[in-house]
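Asker: with the input below, show me the fold.
(4 chains)
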Number of protein chains: 4
Amino acid sequence: MTLPGSRRLTLKEATAHLASQPFSVLLGTRLVSFSPDRTILEVDAREDLLQQNGFLHGGVLAYAADNALTYAGGAALGPAVLTGGMSIEYLRPALGITLRATARVRHAGKRRTTCACDLEMIDETGQVRLCAVAQGTVHPV
Amino acid sequence: MTLPGSRRLTLKEATAHLASQPFSVLLGTRLVSFSPDRTILEVDAREDLLQQNGFLHGGVLAYAADNALTYAGGAALGPAVLTGGMSIEYLRPALGITLRATARVRHAGKRRTTCACDLEMIDETGQVRLCAVAQGTVHPV
Amino acid sequence: MTLPGSRRLTLKEATAHLASQPFSVLLGTRLVSFSPDRTILEVDAREDLLQQNGFLHGGVLAYAADNALTYAGGAALGPAVLTGGMSIEYLRPALGITLRATARVRHAGKRRTTCACDLEMIDETGQVRLCAVAQGTVHPV
Amino acid sequence: MTLPGSRRLTLKEATAHLASQPFSVLLGTRLVSFSPDRTILEVDAREDLLQQNGFLHGGVLAYAADNALTYAGGAALGPAVLTGGMSIEYLRPALGITLRATARVRHAGKRRTTCACDLEMIDETGQVRLCAVAQGTVHPV
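Answerer: All right, here's what the predicted structure looks like:
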């Protein structure tokens, strides 16, 4: 992705950026938190985002990990970044009403920032379960 | 995912399975090829699947990798499988009209199958460019 | 690896196990901590473990990550486990006198445990720097 | 790693470079092939490189993957490169007399080259078995 604007983005600017991604709009992704060392995205487990057994599709978790890692890297590296790659491990079926992807910077270098992301499902009682973990790298464009 | 039915799935059965994934229906994913050692999925680069610069969103590539790896594993392992995890590297901006995800079995074990996936974009002239590569593991449920 | 003996290993048993790995003996690996949710291995940055610029070779970090993940999984899963795979990201040149690999269980399932590992270098002043991060899966044999 | 010298390295130069890595000397690694799109390293399964069951230690495979990926990237990117990270999946116990790591460039960009590596064991009858697969990224220093 490319984050336009000033070197250090505000939550408002990052929210506007997310709104400029048609695919994130399609999925209804919300930017809940955005700071230099932590980004939180949320996606509601709408019916059209599920797989055949009623769980949130693994591809939605992979999308959320990819995007949260990118924004976390953008918060650290500045306006124009892209995700180089990531690794994701699925731990449990993603059952619940909302997916929360929390990405943190593990190391910010000039040319490469490495981030980790926890993917949790929140159910209707408020219980939170870790469903996948990811790590990836973000680069300046 | 869980692939219902007989141990060795036909293309028709696998296509019906894909149609039972609401998220795959939302994205318009097509199962183009399905055999014991190779699965091909395609996703058209519709406007609502793009990111802010007009490229196919990285999350769509991650979804396609995840799903192609799962179907490739299902073709090898049998009806009921899930993807354990994957690693994806992005090589180029995903520009073109159709994404083609080709997954192959690298090793089929009883309890774990390892697959690789190439993610290519096909443009309007028919030119094919490798845009990402992935590898992952698939397990019986 | 295969961890022989009782289901829950003691530090002493795990130390004996490590001593039965010729490659770990060659590298001088020490098991510093071993509990159900955390394993710490250390490797001194001997001259014969370096790469051409005087840093600890990336392959030593990869070895330490692999082995720490396995022991962390063994502490959670029981005596007989093997590592299915891992992903490692290098953050900084590994400069210092001792490598410390700290692996933690992120999720312990019956058939697959997912662990994360931080790889830190300790220098002669005691300063600790994170040099690589890894995550991987461990399975019963 | 840093590959000194001219932009396009010869096999002889790359061999000299490998000889400047104390850890590769300790393991007895040989550079068998070195060209812009393919690098082959070999490591004999000496007794001191095994794990407790007589298989080549997973850490040796991880080292060989890391190093083969780096040399493959160096052959494509030029003299001064380092490996950013990699993902490795273990497929089978590494039984045999020689490990052969064959790394290929999947995409060479200016700032990042992505490579894949097959890790095979050759037994005393000459039979070759794929034991692990890896992919990773290499960057200019």
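Asker: can you map out the helices along chain A?
Answerer: Here chain A has its helices, by DSSP state H, at A:11-19, A:22-27, A:58-77.
Asker: most packed of the ones you listed?
Answerer: helix A:58-77 (a mean of 28; mean count of other C-beta atoms under 10 Å in any protein chain shown). Backbone N, C-alpha and C define where each C-beta goes, glycine included.
Asker: ok, that helix near chain C or not?
Answerer: No - remark: helix A:58-77 sits outside contact range of chain C, by C-beta under 8 Å from any C-beta of the partner chain, the gap being at least 11.5 Å.
Asker: now that helix: average pLDDT?
Answerer: The average pLDDT within helix A:58-77 is 96.
Asker: is that helix positioned near chain B?
Answerer: Yes - contact of helix A:58-77 with chain B (C-beta under 8 Å from any C-beta) involves A:58, A:59, A:60, A:62, A:63, A:64, A:65, A:66, A:67, A:70.
Asker: could you save the helices of chain A as a markdown table and add columns showing distance to residue B:97?
Answerer: Formatted as a markdown table, the helices of chain A follow (distance: least, C-beta to C-beta, whole Å):
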| stretch | distance to residue B:97 |
| --- | --- |
| helix A:11-19 | 25 |
| helix A:22-27 | 16 |
| helix A:58-77 | 20 |
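Asker: between which two of the residues of helix A:58-77 next to chain B is the distance greatest?
Answerer: A:58 and A:70 (18.6 Å; C-beta to C-beta).
Asker: before we move on, the earlier item: can I get the helices of chain A in CSV including distance to chain D?
Answerer: Below are the helices of chain A laid out as CSV (distance: least, C-beta to the nearest C-beta, whole Å):
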stretch, distance to chain D
helix A:11-19, 23
helix A:22-27, 23
helix A:58-77, 13
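Asker: to residue A:33, which of those helices lies closest?
Answerer: helix A:11-19 (7.6 Å).
Asker: any idea how far the closest one is from the chain center?
Answerer: 13 Å (C-alpha atoms, centre = their mean, to the nearest Å).
Asker: what packs against it?
Answerer: Packing partners of helix A:11-19 (3 or more C-beta pairs under 8 Å, 6 or more residues apart in numbering or on different chains; DSSP states H and E): strand A:30-35, helix A:58-77.
Asker: quick one: mean pLDDT for the first one?
Answerer: Looking back up the chat, that one is strand A:30-35. Per-residue scores along strand A:30-35 average to 96.
Asker: where does pLDDT dip in chain A?
Answerer: A:1-7 (pLDDT under 70).
Asker: enumerate the residues of chain A near chain C.
Answerer: Going by C-beta under 8 Å from any C-beta, the residues of chain A near chain C are A:87, A:89, A:91-92, A:106-107, A:109, A:114, A:116, A:130, A:133, A:135, A:137.
Asker: can you verify my assumption that residue A:89 contacts residue C:116?
Answerer: No - the criterion here is C-beta atoms under 8 Å, and residue A:89 misses it with residue C:116 at 9.4 Å.
Asker: any common contacting residues for the two?
Answerer: By C-beta atoms under 8 Å, 6 or more residues apart in numbering or on different chains, residue A:89 and residue C:116 have these common neighbours: A:133, C:106, C:135.
Asker: restrict those residues to those near chain B?
Answerer: Answer for the shared contacts of residue A:89 and residue C:116 near chain B: none qualify (C-beta under 8 Å from any C-beta).
Asker: out of these, who's the most crowded?
Answerer: residue C:135 (27 neighbours; other C-beta atoms under 10 Å in any protein chain shown).
Asker: which strand residues bridge it?
Answerer: Beta-bridge pairing for residue C:135 (DSSP bridges): residue C:87, residue C:116.
Asker: residues contacting it?
Answerer: With C-beta under 8 Å, 6+ apart, residue C:135 has these contacts: A:87, A:89, A:133, A:135, C:69, C:86, C:87, C:106, C:114, C:115, C:116, C:117.
Asker: can you redo these as CSV with distance to residue D:82?
Answerer: Output for those, formatted as CSV (distance: C-beta to C-beta, whole Å):
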residue, distance to residue D:82
A:87, 19
A:89, 25
A:133, 25
A:135, 18
C:69, 23
C:86, 19
C:87, 17
C:106, 28
C:114, 27
C:115, 25
C:116, 23
C:117, 20
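Asker: closest one of the residues you listed to chain D?
Answerer: residue C:87 (4.1 Å; C-beta to the nearest C-beta).
Asker: got the contact list for the closest one?
Answerer: A:87, A:135, B:87, C:134, C:135, C:136, D:85, D:86, D:87, D:88.
Asker: cutoff 10 Å now
Answerer: A:85-89, A:134-136, B:85-87, C:65, C:133-137, D:85-89, D:134-136 (C-beta atoms under 10 Å, 6 or more residues apart in numbering or on different chains).
Asker: now residue A:32
Answerer: A:11, A:15, A:39, A:40, A:41, A:42, A:98, A:100, A:101, A:102.
Asker: give me the beta-bridge partners of the nearest residue to residue A:76 once chain neighbours are set aside?
Answerer: Closest residue to residue A:76 apart from its sequence neighbours, by C-beta to C-beta, 6 or more residues apart in numbering or on different chains: residue A:108 at 4.3 Å. For residue A:108, the beta-bridge partners are residue A:113 (DSSP bridges).
Asker: how much space between the residue nearest the centre of chain A and chain B?
Answerer: Chain A has residue A:68 as the residue nearest its centroid, 2.0 Å off, counting by C-alpha atoms, centre = their mean. To chain B, residue A:68 is 10 Å away according to C-beta to the nearest C-beta, to the nearest Å.
Asker: check the contact between that residue and residue A:118; I expect there is one.
Answerer: Yes - counting by C-beta atoms under 10 Å, residue A:68 does reach residue A:118; the two are 9.2 Å apart.
Asker: are there residues contacting both of the two? Which ones?
Answerer: A:40, A:100, A:101, A:102, A:103, A:104, A:134.
Asker: which ones among those lie within strands?
Answerer: Judged by DSSP state E, the subset of the shared contacts of residue A:68 and residue A:118 located in strands is A:40, A:100, A:101, A:102, A:103, A:104, A:134.
Asker: phi, psi for residue A:96 please.
Answerer: Dihedral angles of residue A:96 (phi, psi; degrees, to the nearest 10) stand at phi 150, psi -170.
Asker: for the residue nearest to residue A:26 when sequence neighbours are not counted, which residues are in contact?
Answerer: Computed as C-beta to C-beta, 6+ apart, the closest residue to residue A:26 that is not its neighbour in sequence is residue B:48, at 4.7 Å. Counting by C-beta under 10 Å, 6+ apart, residue B:48 makes contact with A:22, A:23, A:25, A:26, A:27, B:26, B:27, B:28, B:57.
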